[in-house]
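Visitor: Kindly return the folded structure for what I paste below:
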Amino acid sequence: MKRILAVAAIALISAPVLASEGEFMRPVTHAATKAECSECHMAYPAGFLPSRSWTKIMTTLDDHFGENAMLDDATRTEIEAYLTQNAADVGGRSSSLLYRIAPEDTPLRISEMPWFRSEHDGEVSSRKLQKAGSMSNCAACHRGADRGIFED
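Guide: Below you'll find the predicted structure:
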């Protein structure tokens, strides 16, 4: 029994390492980002967008996809720093998430990213989408999304 528990524990701990690219994304670990963003939606991993996108999102919080998500300046600056420092185009992170994006493009929705479309187009049935409510509800289909696991 102890051996089975040990194997299960190792499997759980190493799951992010074993997941192929695109199935694991470092989850949000920054307390303020997790707290503020997850009040309305999942705190999306910073690595899903380039830094210029996070900057644009954080500097237009007065109209955050139709909602006023304004924060005090100190909190906004802290969260923006976390997101931009952990973005898809920083520190040698995988550029495959950025393929087919022109350097001048600044996507504001993860669902606008070419990698997202290629992963989800034709895969998400209308029934699944209706159940999820929108494509922004990652956790509806990816039960490990809050831990950075986006396996099918």
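Visitor: Now for Thr75, how many residues are close by?
Guide: By the criterion of other CB atoms under 10 Å, Thr75 has 14 neighbours. Glycine gets a C-beta too; all of them are placed from N, C-alpha and C.
Visitor: how about it, what does it touch?
Guide: With contact taken as CB atoms under 8 Å, 6 or more residues apart in numbering, Thr75 is in contact with Ala32, Glu36.
Visitor: Three-state assignment for it, please.
Guide: Per DSSP: H, G, I helix; E, B strand; the rest coil, the local secondary structure of Thr75 is helix.
Visitor: what's the weakest-modelled helix or strand in this structure?
Guide: Every helix and strand in the chain was compared by mean pLDDT, DSSP states H and E; the lowest is helix 2-18, with a mean of 43.
Visitor: could you point out which element follows that one?
Guide: helix 31-37 (DSSP states H and E).
Visitor: just so I have it, where are all the helices in the chain?
Guide: In the chain, the segments counted as helices under DSSP state H are 2-18, 31-37, 51-58, 73-85, 114-120, 126-132.
Visitor: okay if I get those helices as TSV plus distance to Glu67?
Guide: Formatted as TSV, these follow (distance: least, CB to CB, whole Å):
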stretch	distance to Glu67
helix 2-18	31
helix 31-37	12
helix 51-58	12
helix 73-85	15
helix 114-120	21
helix 126-132	19
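Visitor: Out of these, indicate the one that is most buried.
Guide: Highest mean neighbour count among those (mean count of other CB atoms under 10 Å): helix 51-58, with a mean of 19.
Visitor: what residues does that helix touch?
Guide: Contacts of helix 51-58 (CB under 8 Å, 6+ apart): 46, 49, 64, 76, 79-80, 83-85, 87-90, 106-108.
Visitor: With respect to Phe116, which of these is nearest?
Guide: For the contacts of helix 51-58, the residue nearest Phe116 by CB to CB is Pro107; the value is 9.3 Å.
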